[in-house]
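> my questions are about this predicted structure, shown below with the sequence.
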Amino acid sequence: MTVITISRGSKSMGTAVADQVAETLGYECLSRAVLLEASEQYDIPEIKLAKAMQDAPSILERLGHRKHSYVACVQSALARHVARDDIVYHGYAGHMLLKNVSHVVKVRIVAGMEHRVSIVMHQESLSEADAFHYIQKMDKGRQKWTKSLYGVDPTDVTLYDLVLNVPRFGMEDAADLICRSARLKQFASTPDSKRDMADLVLACEVKAALVEEHPDVAVTSKSGNVLVYSAAGDRHGRKVRSQVESLCQSIDGINNIEVHVGAAAPESAV
Amino acid sequence: MTSILISSDDQQVGEDIAHRLAEREGYEYVGRSLLKDVAEKAEVSEEKLRWALDGTGGRKVSKKERDILLSYIQAETMERLARDNVVCADLVAHLYVRDVSHVLQLRVLANPEARLEAYAAQNNLSRKKAKKTLEKDRASRVRWSTESFGVSEYDPAIYDIVVQLKQIDADKVLQIIRDTAAFRGFQTMTYSRMCLQNLLLASKVRVALLPTYPEIRVKADGNRVIVHVKCSKRHKPQTVSGIKELAGNVETVGLVEVHVVSNLRDADVDAEPSPITNDE
């Protein structure tokens, strides 16, 4: 079992490559459908979730933390979905949402600006200059989103296992190379990696349950032992603790759950 | 047959992959030892060539001198690449070999955790300080590559593949390279070979011109050379004739076209030149 996340800049043939990879490997191809699942599970309109995953938070949104809550819900739905089966995911920020699981292959698709501009000129009937600005605007939006929520630049190649310049390969060869990489022994699931995935699912679920009222929480899980980190003070920490106690009953798989108030969350926390 | 350029954020990692690849595939390895030949040919110090390449040396190397030194390295590297079946590493060829379809451009990223730990241990630094230093180095490389070649070394779009050595190990990287080199798009064609020859000729003309005309862009198309030069109107006639003479002395150069521009950034070197050239 392998999960492949395909991240791409706008207009760099990422969707087509993802479809081809999924077809070649016989995997499910997942993108926006995860928003529907999150919408059903957490009773949040899909359009709000889509907006949360696309647009960088406005100043008001940054103050309100609602976006963090929506992203956490999407992350939880995504983790639960990919834990089930072989998946190619080419939706929002898969490389950020599915971290620390060794059988997740993180791929980024890039293309030179010239190539992207020519696609936009053709698709959107824009002049070269307008197409260039269109792409810049979309790229800037994605960077802002990722930076505001995760503090990283999505174009930073160290976030990925493999980055491919698709126009150099053509779609089929690019998909072929991704498939070969995904078949590497290093990306095969192991009992440990399946456990890590189960822990990710659990951590995401706990976070989604807490984040609306406690936007600063970060959660880790190791073999069902959940740690909730809250940067807030003692009084707020008590609220977190009382809410956390009820989670043991409502969420399956929790062996033990602890709250650490005022402690910095590790990098692996969701 | 494909030629392969390997770049890395860690010199040792890049060299290791390149050496192993050359050995496995029976390719010629072109690396830092080239600087010795360049130093002898150009009668410059090897140390200065290394400074120019690494972006170090501070005030000991002016921008003009750095550009000249890099042009020597570029010309010699292009000479080797024109032979086919070459693996080239650590000569920043990925920054000046553009649009040659049979040349595979690969960037290999060292395992970031391992690299950070090794760097901290080597330099006796705390993890935090080591991280900060590496980030500073990276910013410096971006600046250097953009100033010297107009592209950032860290822009993934200038490579065909970028691989991180985290879960993918060096052996698998070699396998990926082998698989990719077999793709049709990376086979040598007459046209791609011609593109490489054009880059080679342009690099030789730059070597001839840069000491006298530091602000130029050069493109070659067969034996035709197109030079964009920044100079004032007052010096236009002697600049044009000077460039034609120097460029014309380079082997295999036939026609030399000179375009005087006020700003090199506006010079569209890829555009077809107008029929009327600055032939004064």
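Looks like it arrived, so ask away.

> look at B:E47 and say how many residues are nearby.
Burial of B:E47 is recorded as 13 neighbouring residues (other CB atoms under 10 Å in any protein chain shown). All C-beta spots, glycine's among them, are computed from the backbone N, C-alpha and C.

> average model confidence for the strand or helix carrying it?
For B:E47, the element it lies in under DSSP states H and E is helix B:46-54. Throughout helix B:46-54, pLDDT has a mean value of 92.

> in the very next helix or strand once past that helix, which residues are buried?
Per DSSP H and E, the first helix or strand lying C-terminal to helix B:46-54 is helix B:63-81. By neighbour count with 16 or more other CB atoms under 10 Å in any protein chain shown, helix B:63-81 contains the buried residues B:65-78, B:80-81.

> export whatever helix or strand comes next after helix B:63-81 as PDB, just CAs?
Remark: after helix B:63-81, the chain's next helix or strand is strand B:86-89, criterion DSSP H and E. What follows is strand B:86-89, C-alpha atoms only, in PDB (Å, rounded to 0.1, in the frame of the first residue of the first chain):
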ATOM      1  CA  VAL B  86      29.300  12.800 -20.000                       C
ATOM      2  CA  VAL B  87      28.400  13.100 -16.300                       C
ATOM      3  CA  CYS B  88      29.200  16.600 -15.100                       C
ATOM      4  CA  ALA B  89      29.100  17.700 -11.500                       C
END
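
> one step back: and the contacts of the helix holding B:E47?
Here helix B:46-54 makes contact (CB atoms under 8 Å, 6 or more residues apart in numbering or on different chains) with B:32, B:35-36, B:38-39, B:56-57, B:60-61, B:65-66, B:69-70, B:72-73, B:91-92.

> please report the distance of the residue of chain B most remote from its centre from B:T133.
The outermost residue of chain B relative to its centre, with distances by CA atoms, centre = their mean, is B:S126 at 34.2 Å. According to CB to CB, to the nearest Å, B:S126 stands 10 Å off from B:T133.

> same thing with A:R168?
34 Å.

> neighbour-wise, which of the two wins?
Between A:R168 and B:T133, counted using other CB under 10 Å, A:R168 has the larger neighbour count: 23 against 15.

> so how far is stretch B:253-260 from its chain's centroid?
23 Å (CA atoms, centre = their mean, to the nearest Å).

> buried residues in that stretch, which are they?
B:V253, B:V256, B:E257, B:V258, B:H259, B:V260.

> roughly how far apart are the fourth one and B:K233?
To tie it back to what came earlier, the one meant is B:V258. From B:V258 to B:K233 the distance is 14 Å (CB to CB).

> what of the third one?
From B:E257 across to B:K233, the span is 18 Å (CB to CB).

> check which helix or strand covers the residue nearest to A:L159 when sequence neighbours are not counted.
Distance criterion CB to CB, 6 or more residues apart in numbering or on different chains; nearest residue to A:L159, sequence neighbours excluded, is A:H95 at 5.3 Å. Using DSSP H and E, A:H95 maps to helix A:94-97.

> equivalent analysis for A:V270, please.
Applying DSSP H and E, one finds A:V270 in no helix or strand.

> from memory it sits against A:E205, does it?
No: taking contacts as CB atoms under 8 Å, A:V270 lies outside contact range of A:E205: 9.8 Å.

> contacting residues around residue 104?
Just going to use chain A. A:T2, A:V3, A:I4, A:T5, A:V82, A:G94, A:L98, A:F187.

> not quite, I wanted chain B
B:T2, B:S3, B:I4, B:L5, B:D160, B:I161, B:I177, B:T180, B:A181, B:F186 are the contacts of B:L104 under CB under 8 Å, 6+ apart.

> how many neighbours does A:R66 have?
When neighbours are counted by other CB under 10 Å, A:R66 registers 18.

> my bad, should have said A:V217
25.

> check whether it really touches A:A209, as I assumed.
No: at 9.7 Å, A:V217 does not count as touching A:A209 under the criterion of CB under 8 Å.

> what helix or strand is the residue of the stretch 151-280 of chain B found nearest chain A on?
In the stretch 151-280 of chain B, the residue that lies nearest chain A is B:V162 (3.7 Å; CB to the nearest CB). For B:V162, the element it lies in under DSSP H and E is strand B:161-164.

> tell me which other helices or strands that strand touches.
Contacts defined by 3 or more CB pairs under 8 Å, 6 or more residues apart in numbering or on different chains; DSSP states H and E place strand B:161-164 against strand A:162-165, strand B:103-109, helix B:170-181.

> what's the closest of those to A:I87?
strand A:162-165 (16.8 Å; CB to CB).

> and the closest one, what does it pack onto?
strand A:104-110, helix A:171-182, strand B:161-164.

> now render those as a markdown table, adding mean pLDDT and distance to A:Q136.
Formatted as a markdown table, the helices and strands packed on strand A:162-165 follow (pLDDT from 0 to 100; distance: least, CB to CB, whole Å):
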| stretch | mean pLDDT | distance to A:Q136 |
| --- | --- | --- |
| strand A:104-110 | 93 | 15 |
| helix A:171-182 | 93 | 24 |
| strand B:161-164 | 96 | 22 |
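
> quick one on the thing from earlier: filter the contacts of A:V104 to keep only those in contact with chain B.
Applying CB under 8 Å from any CB of the partner chain to these, one finds that A:F187 fall near chain B.

> return the per-residue confidence for A:S69.
So A:S69 comes in at 83 (pLDDT).

> how about it, what does it touch?
A:A208, A:V211, A:E212, A:P215.

> the strand holding B:V162 pairs with which strands?
strand A:162-165 (antiparallel), strand B:103-109 (parallel) (DSSP bridges).

> could you dump the ones you listed to TSV with distance to B:N198 and mean pLDDT?
Output for the strands paired with strand B:161-164, formatted as TSV (distance: least, CB to CB, whole Å; pLDDT from 0 to 100):
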stretch	distance to B:N198	mean pLDDT
strand A:162-165	22	94
strand B:103-109	13	96
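
> would you mind giving those as a markdown table with distance to B:A247 added?
Converted to a markdown table, the strands paired with strand B:161-164 look like this (distance: least, CB to CB, whole Å):
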| stretch | distance to B:A247 |
| --- | --- |
| strand A:162-165 | 33 |
| strand B:103-109 | 25 |
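
> among those, which is nearest A:S193?
So among these, strand A:162-165 is nearest, using CB to CB, at 17.9 Å.

> now do the closest one: distance to the chain's middle.
18 Å.

> and the closest residue to chain B within the stretch 151-270 of chain A, how many neighbours?
When scored by CB to the nearest CB, the stretch 151-270 of chain A has A:V163 as its residue closest to chain B, at 3.7 Å. For A:V163, the count of nearby residues is 25 (other CB under 10 Å).

> what's the spacing between it and A:I47?
32 Å.

> ok, A:G141 next?
Counting by CB to CB, the gap from A:G141 to A:I47 is 17 Å.

> low-confidence ranges, chain A, go.
A:56-65, A:232-235 (pLDDT under 70).

> domains in it, by residue range?
A:3-187, A:195-261 (automatic domain parsing).
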